[in-house]
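**Student:** Quick one: sequence and predicted model below, then my questions.
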Amino acid sequence: MSAAQAPGLAGYSDEVREEVARVREVVARLHAELPRWELVVWTAGNVSQRLTTADLFVIKPSGVTYDELTPESMVVCTLDGELVDGTRSPSSDTAAHAYVYRHMPQVGGVVHTHSTYATAWAARGEAVPCVLTMMADEFGGDVPVGPFALIGDDSIGQGIVETLSGSRSPAVLMRNHGPFTIGADAKAAVKAAVMVEEVARTVHISRQLGEPTRIPQEQIDSLYDRYQNVYGR
Ligand SMILES: O=C(CO)[C@@H](O)[C@H](O)COP(=O)(O)O
């Protein structure tokens, strides 16, 4: 469906349309975090957030550079990935974001980047081992690898859900592709995208001079519990 054929938001309540406007602001602003934290080149990354008042989500328009993104340019889609409102086609990864929302109801935000170090681990198909307290805090263990999958249908989304449903990690390294992250909202998913690149870089550097030591699982669990339930409260 082209943007011109999109049905628009006229059939939705004022409450839904008001939330769409708010989420467009949030998602547009969070896209600026991707180049800020050096997680993307050109247009190679996207952020989305699910609505709470309707089965819809807001995502980046495909192929638009971050300096051109505005709240009004953000695209609204159904949880089946169908275009509802927007002036451009939605992100190439819309099907993956939509699949995650349909199968992980607790997820409110999804991010995809090709950040360098996390993508290098994805190219090797190697999980980032939990050798840092920051990893235990944020990921509750290793950062897992998901299967290779072609873009454009449910394959990537299926790989993300299969991998993360059994993990505490909010990040998955899709083999030969790059990281996808999830969170309660888009800001949490962007944080996970920043943190997975940071730990991928640190562990890569550490391994240049030897094999870092994995933290024992009992300590990982303790660190994760503290960070998730005490830190910042
Ligand atoms: O991985 C891919 C393409 O292989 C995508 O993530 C693009 O890199 C970003 O696409 P848009 O969000 O601009 O459509």
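**Tutor:** Received the coordinates, thanks.
**Student:** alpha carbons only for contacts and neighbour counts from here, please
**Tutor:** OK.
**Student:** Buried residues, the helix ranked longest in the chain. List them.
**Tutor:** Taking DSSP state H as the assignment, the helix of the chain that covers the most residues is helix 186-206. For helix 186-206, a neighbour-count test (16 or more other Cα atoms under 10 Å) marks 186-201, 203-204 as buried.
**Student:** Need the residues that contact that helix.
**Tutor:** Where contact means Cα atoms under 8 Å, 6 or more residues apart in numbering, the residues beyond helix 186-206 that reach it are 27, 30, 33-34, 37, 39, 47-49, 108-113, 115-118, 121, 128, 131-132, 134-135, 138, 143, 170-171, 179-183, 212.
**Student:** Name the helix or strand for the residue nearest the centre of the chain, please.
**Tutor:** Closest to where the C-alpha atoms of the chain average out (Cα atoms, centre = their mean) is residue 111, at 2.1 Å. For residue 111, the element it lies in under DSSP states H and E is strand 109-113.
**Student:** avg pLDDT for the helix or strand that the longest helix of the chain is followed by?
**Tutor:** Counting by DSSP H and E, the element after helix 186-206 in chain order, helix or strand, is helix 217-229. In this model, helix 217-229 has an average pLDDT of 94.
**Student:** ok, residues contacting helix 217-229?
**Tutor:** Defining contact as Cα under 8 Å, 6+ apart, one finds that helix 217-229 is touched by 133, 136, 137, 138, 139, 140, 141.
**Student:** Check which residues of it are buried.
**Tutor:** By neighbour count with 16+ other Cα under 10 Å, helix 217-229 contains the buried residues 220, 221, 223, 224, 227.
**Student:** can you give me the helices in the protein?
**Tutor:** Taking DSSP H to define them, one finds helices in the chain at 14-31, 33-36, 94-103, 116-124, 133-139, 155-164, 186-206, 217-229.
**Student:** what about the second one and the ligand, any contact?
**Tutor:** No. In this structure, helix 33-36 remains apart from the ligand according to Cα under 6 Å from any ligand atom; the gap is never smaller than 12.0 Å.
**Student:** now that helix, how far from the chain's geometric center?
**Tutor:** Using Cα atoms, centre = their mean, to the nearest Å, the distance from the centre of helix 33-36 to the centre of the chain it belongs to is 13 Å.
**Student:** Also the last one?
**Tutor:** The gap between where helix 217-229 is centred and where its chain is centred comes out at 23 Å by Cα atoms, centre = their mean.
**Student:** Kindly report the same for the longest one.
**Tutor:** Between the centre of helix 186-206 and the centre of its chain there are 12 Å (Cα atoms, centre = their mean).
**Student:** Can that helix be said to contact the ligand?
**Tutor:** No. Looking at helix 186-206 against the ligand by Cα under 6 Å from any ligand atom, there are no contacts, and the closest approach is 13.4 Å.
**Student:** circling back to that earlier point, could you give the angle of the longest helix of the chain to strand 109-113?
**Tutor:** Per axes from the mean of the first three to the mean of the last three Cα atoms, to 10 degrees, the angle that helix 186-206 makes with strand 109-113 is 40 degrees.
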